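In: Sequence and predicted structure below; questions after.
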Amino acid sequence: MAKLVALVVLLIIGTALGSPQRKPKGVGAAVGLPGFTDPYIIGGDIVQGRKYPGQISLQVDGDHNCGGSIVNANYILTAAHCSQYEPEELSVLSGTNNLKTGGTRHKVTEIHYHEDYNPSDSWHNDVSVMKVDPPFQFDADGNTAPVTLPEQDIEPPVGAEVTVIGWGRLSYMGELPDDLYEVSIFIWNHSLCNDAYKPDGLTVYPEQICADTPGGNKGSCNGDSGGPLLMENTVVGLVSWARGCDEKGYPTVYTRVSAYRDWIDSKVKA
Ligand SMILES: *[C@@H]1O[C@H](CO)[C@@H](O)[C@H](O)[C@H]1NC(C)=O
């Protein structure tokens, strides 16, 4: 191994800023893998205006921990690795681009993570939904709105331009921003992505997709986990894991939402 890197799920793990360590229950295996980390937005821009009204901040004891997407008035969609908590430890902030100002707070009342979620096998099935209280109010000004989900089993094409958004770190162990960031990247060749991770004993499953830029240095990082990878405003992926934060040659791996459309629909019947 050329150098020590972080290969982990893209939660806020570790504490460059001295905040308490957030190690979700059940994610120990992931965190323990040498060099694997939770992804962050790097090389991106601050989102201007309420362009992403479906984006929420999933918080642990009032601190941002993961991203997520509004599915309907009662449910959000996020990663299973963001969900290994008791409901009363979690809350959702909706309706704002800035973690310090505006928005609406919601309690989490139910957590349903995928029955076959396996953090010790390449975070396979890294998907969950949570019920909130009070329900989201979908206002006429479009400040808060549900996202669009892909149909079951639709595959985003290799090379398609996609956008990832989040409040994650701006660099590996770097600053945690208050503003929502976005960065434009591309769907990566699945078999090349799988080849990249094979030496680490990881498998990129058919239910996962990869995205990157040819030169690296753009992508997601710690704190972006669970948030959306968007293709023309449809949530095609959920930020799951990567080696480092956009380390060159190692695309970020996303849960492919279209593999779980039927599962999500079955859980979020309002
Ligand atoms: C992915 O890369 C492999 C190996 O270079 C190639 O055989 C395959 O056709 C590519 N797939 C797509 C969808 O581009």
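Out: Now that the structure is in, tell me what you want to look at. Numbers count the residues shown, from 1 in each chain.
In: lowest-confidence helix or strand of the protein?
Out: Taking mean pLDDT, DSSP states H and E as the measure, the helix or strand of the chain with the lowest value is helix 28-32, at a mean of 29.
In: What parts of the stretch 101-250 of the chain come near the ligand?
Out: If contacts are counted using CB under 6 Å from any ligand atom, the residues of the stretch 101-250 of the chain sitting beside the ligand are 158, 189, 191-192. Any C-beta I mention is one placed from the backbone N, CA and C, and that applies to glycine too.
In: mind redoing it with 8 Å?
Out: Those residues of the stretch 101-250 of the chain that sit near the ligand, judged by CB under 8 Å from any ligand atom, are 157-159, 189-192.
In: what comes up buried for stretch 45-53?
Out: 47, 50, 52-53 (16 or more other CB atoms under 10 Å).
In: Tell me the one of those residues nearest the ligand?
Out: Tyr52 (28.3 Å; CB to the nearest ligand atom).
In: And the spatially closest residue to Glu155 that is not a sequence neighbour, how far from Phe138?
Out: Setting aside the residues directly before and after it, Glu155 is nearest to Ser258 in space (CB to CB, 6 or more residues apart in numbering), at 6.9 Å. The span separating Ser258 from Phe138 equals 24 Å under the rule CB to CB, to the nearest Å.
In: quick one: which of these two has more around it?
Out: Ser258 (20 against 14; other CB atoms under 10 Å).
In: The residue of the stretch 101-250 of the chain found nearest the ligand: neighbour count?
Out: The shortest separation between the stretch 101-250 of the chain and the ligand is 3.7 Å, found at Asn189 (distances taken as CB to the nearest ligand atom). As a burial measure, Asn189 scores 15 neighbours (other CB under 10 Å).
In: Is it correct that it is in contact with Val158?
Out: Yes: at 5.2 Å, Asn189 counts as touching Val158 under the criterion of CB atoms under 8 Å.
In: Now do stretch 134-151, average pLDDT.
Out: For stretch 134-151, the per-residue pLDDT values average out at 94.
In: What is the end-to-end distance of it?
Out: The first and last residues of stretch 134-151 sit 28 Å apart, counting by CA to CA, to the nearest Å.
In: residues of that stretch that come out buried?
Out: For stretch 134-151, burial by neighbour count (16+ other CB under 10 Å) applies to 136, 143-147, 149-150.
In: export those to a markdown table and tack on secondary structure?
Out: As requested, these are arranged in a markdown table below (DSSP: H, G, I helix; E, B strand; the rest coil):
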| residue | secondary structure |
| --- | --- |
| Phe136 | coil |
| Asn143 | coil |
| Thr144 | coil |
| Ala145 | coil |
| Pro146 | coil |
| Val147 | coil |
| Leu149 | coil |
| Pro150 | coil |
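In: now, the most widely separated pair of those?
Out: With distance counted by CB to CB, no two of those lie farther apart than Asn143 and Pro150, which are 24.1 Å apart.
In: where does the stretch 101-250 of the chain have low pLDDT?
Out: Flagging of the stretch 101-250 of the chain using pLDDT under 70 yields the residue ranges 170-174, 216-223, 245-246.
In: Where do the helices of it begin and end?
Out: Counting by DSSP state H, counting those that start in this stretch, one finds helices in the stretch 101-250 of the chain at the ranges 190-197.
In: most neighbours, which of the residues of the stretch 101-250 of the chain next to the ligand?
Out: With neighbours set by other CB under 10 Å, the maximum within those is found at His190, which has 18 neighbours.
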